[in-house]
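> I need the structure of the sequence given here:
(one chain, ligands or ions: 3)
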Amino acid sequence: MILVINSGSSSVKYQLVDLDGPTRIKSGKVERVGEPDSGVPDHEAALQRVADEVSMDSGDLTAIGHRVVHGGPWFTGPVLITDEVVKRIEEAVPLAPLHNPANLAGIEETRRLRPDLPQVAVFDTAFHSTMPDAARTYAIDREVAERYGVRRYGFHGTSTAYVSRVAAEMIGRPGTANVIVLHLGNGASASAVSAGRCVDTSMGMTPMEGLVMGTRPGDLDPGVIFHLIREGMTPDEVESMLNHRAGLHGLSGDNDMRTVIERVAAGDADAALAYAVYCHRLRKYIGAYCAVLGTVHVIAFTGGVGENSAQVRRNVLAGLEPMGIRLDPLRNVSVTGARVVSAGDSAVTVAVVPTDEELEIARETDGVLARTKSE
Ligand SMILES: Nc1ncnc2c1ncn2[C@@H]1O[C@H](COP(=O)(O)OP(=O)(O)O)[C@@H](O)[C@H]1O
Ligand SMILES: CC(=O)OP(=O)(O)O
Ligand SMILES: [Mg+2]
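Ligands and ions are numbered 1, 2, ... in the order given. The predicted structure follows:
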C-alpha cells in the first residue's frame, strides 16, 4: 500500500492506494492551511492531521509518494528521495515559493515518521520536460538565459499527463489524440498535448505565467514589474503581490471561484470584472492551442473549477462554434465522473475529466520502486 501526499500552497491532500486491490483505500484533504481561524496554522499541523488519519505506523505501508511542484533542471522523471534530492528541491524553492516549501515539509515529516520506507518525489515539471525548444525558450539574450537557467518548465504535469490520457481513451484514440487540457484549480494552466507529448503549456519558469489564477496574475508585461520597482516597491514586495494579491483575489478580493460567481450573480462589479478577465484569458489560450495543434480532438476540463463549474465552461466556450466547438447544454450540467459534455455534432469533443494526481503519483512511485528492485 502506497501513501501519497499532495502538499499544495494552501491544502494537503492524501490518498492510501493499493495498486493490486480496490485502488483507493482512503483519501482526505486538509484545507485552508495558514488561514486565520482555520485551526491549521501551518503545513506541519496539516501533516500531523494526515498522520493521525492514516495511522502512519501501519505495517501495510510499502512506500510514500510525494507531489513536488518544481524539479528545476535536474529532474525529468520521478526519483527515490535522498538527501541529495532534498537539497535540489530546496534549491528550486525560489522558483516555486508557494509550493516547494510545502512539499519539503511533507517529505521531512514522513521521513521522520517512517525512515524505514522508500519515499519517491513526483515532479509537476517532469511531463513537460520533452516540450519542443520553440515552446520552451524565452526570446531573450541566449547567454543570459544560459547563465541564469532562464527557460520555461511548465507545471501541473502529473495532472495533465493523467487527464490527457483519460481524455484520449474516452474518444477512442488512446496514445494518439491531440488534447487541450485546462487544469483550473487554485493555480491554473492550459496545455497542448499531441500523442501523449506536451507541445506547449501556459506556465513558465515559475507557476505564475499564463492563465488568471486564484491569487496569481498569469501573463503580465514584464515592463509592469520595472515600473512598480521604479515607483518604489521592492522586488520582494512585487513578487509577494504577484503571488498572493493578484488574479481573482487581486481584482475582487476573493480567490475562491464559487464566491466570485455568487458575487457576479448578485451584481457585484469587481467580481464581474475578475470573472470576465479570467474567462477572456482562458479563451485566448484555447484559441492559441488550437493553432499550435492544428487539429484538436478533445478539450478536457479539470481541477476544482474545470470539473465543477458548468458556468465557466459555458461562458468560456460560447461563440466558438465556428471553430467546431459546441457544448451540449444538458450534458454540460451533468455531474458525475469523466464525461463528454459537447454536442453530438461538435467536431471537437469537450470532456470533463476529474483529475487524480494522487493515483498517478502512486503509479509513478510504484514504477520507481520496481526499477530500483530490478537494478
Ligand atoms: N462548484 C464550483 N463552482 C466553481 N468553482 C468551484 C466549484 N467547486 C470548486 N471550485 C473552485 O475550485 C478551486 C479549487 O480547485 P482545486 O483543484 O481543489 O485547487 P488546488 O488543488 O489548486 O488547491 C477553488 O477556486 C474553488 O472555488
Ligand atoms: C503549480 C500550481 O500552481 O499548483 P496548484 O494549482 O496546486 O497551486
Ligand atoms: Mg491542485
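
> State the pLDDT value of residue 24.
Predicted confidence (pLDDT) for residue 24: 89.

> where does it fall, phi/psi-wise?
phi -90, psi 110 (degrees, to the nearest 10).

> same question, the one 5 residues further on
Backbone torsions of residue 29, given as degrees, to the nearest 10, read phi -150, psi 130.

> For it, grab the count of nearby residues.
Neighbour count of residue 29, defined by other CB atoms under 10 Å: 13. All C-beta spots, glycine's among them, are computed from the backbone N, C-alpha and C.

> One more: residue 115?
Residue 115: 8 surrounding residues under other CB under 10 Å.

> quick check, it in a helix?
No. Per DSSP: H, G, I helix; E, B strand; the rest coil, residue 115 lies outside any helix segment and is coil.

> The stretch 251-375 of the chain: helices as residue ranges?
257-265, 269-293, 303-308, 310-317, 329-332, 357-374 (DSSP state H, counting those that start in this stretch).

> CA atoms of the first one as PDB?
The reference is to helix 257-265. Only the C-alpha atoms of helix 257-265 are listed here, as PDB (Å, rounded to 0.1, in the frame of the first residue of the first chain):
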ATOM      1  CA  MET A 257     -14.300  30.900  -7.800                       C
ATOM      2  CA  ARG A 258     -17.500  29.800  -6.000                       C
ATOM      3  CA  THR A 259     -17.600  33.100  -4.100                       C
ATOM      4  CA  VAL A 260     -16.700  35.100  -7.200                       C
ATOM      5  CA  ILE A 261     -19.600  33.500  -9.200                       C
ATOM      6  CA  GLU A 262     -22.000  34.200  -6.300                       C
ATOM      7  CA  ARG A 263     -21.000  37.800  -6.300                       C
ATOM      8  CA  VAL A 264     -21.300  38.100 -10.100                       C
ATOM      9  CA  ALA A 265     -24.900  36.800  -9.800                       C
END
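
> That helix and ligand 2, are they touching?
No. Counting by CB under 6 Å from any ligand atom, ligand 2 has no neighbours in helix 257-265; the shortest distance is 12.5 Å.

> what sits up against that helix?
214, 248, 252, 254, 270-272, 274-275, 304-305, 309, 311-312 (CB atoms under 8 Å, 6 or more residues apart in numbering).

> ok, of these, which one's closest to ligand 1?
Distance to ligand 1 across the contacts of helix 257-265 (CB to the nearest ligand atom) is lowest for residue 304, with 2.1 Å.

> List the residues that contact the nearest residue to the closest one once chain neighbours are set aside.
In space, and not counting its chain neighbours, residue 304 is closest to residue 185: 4.9 Å by CB to CB, 6 or more residues apart in numbering. When contacts are counted by CB under 8 Å, 6+ apart, residue 185 touches 214, 303, 304, 305, 306.

> roughly how far apart are whichever residue of the stretch 151-300 of the chain sits closest to ligand 2 and residue 47?
Going by CB to the nearest ligand atom, ligand 2 is nearest to residue 187 of the stretch 151-300 of the chain, at 2.1 Å. Residue 187 sits at a distance of 20 Å from residue 47 (criterion: CB to CB, to the nearest Å).

> Next: residue 96.
Distance, residue 96 to residue 47, by CB to CB: 19 Å.

> Need the contact partners of the helix or strand that residue 84 is a member of.
Element membership for residue 84 (DSSP states H and E) is helix 83-91. Residues from elsewhere that reach helix 83-91, judged by CB under 8 Å, 6+ apart: 68, 70-72, 74-75, 79, 100, 103-104, 107-108, 121.

> can you check stretch 283-301 too?
In contact with stretch 283-301 (CB under 8 Å, 6+ apart) are residues 135, 163-164, 166-168, 170-171, 173, 177-182, 184, 190-192, 194, 199-200, 202, 210-211, 307, 313, 316-317, 320, 323-325, 348-353.

> follow-up on the earlier one: among the contacts of residue 185, who's most crowded?
Using other CB under 10 Å as the neighbour criterion, residue 305 leads those with 27 neighbours.

> List the contacts of it.
Neighbour list for residue 305: 184, 185, 188, 257, 312 [criterion: CB under 8 Å, 6+ apart].
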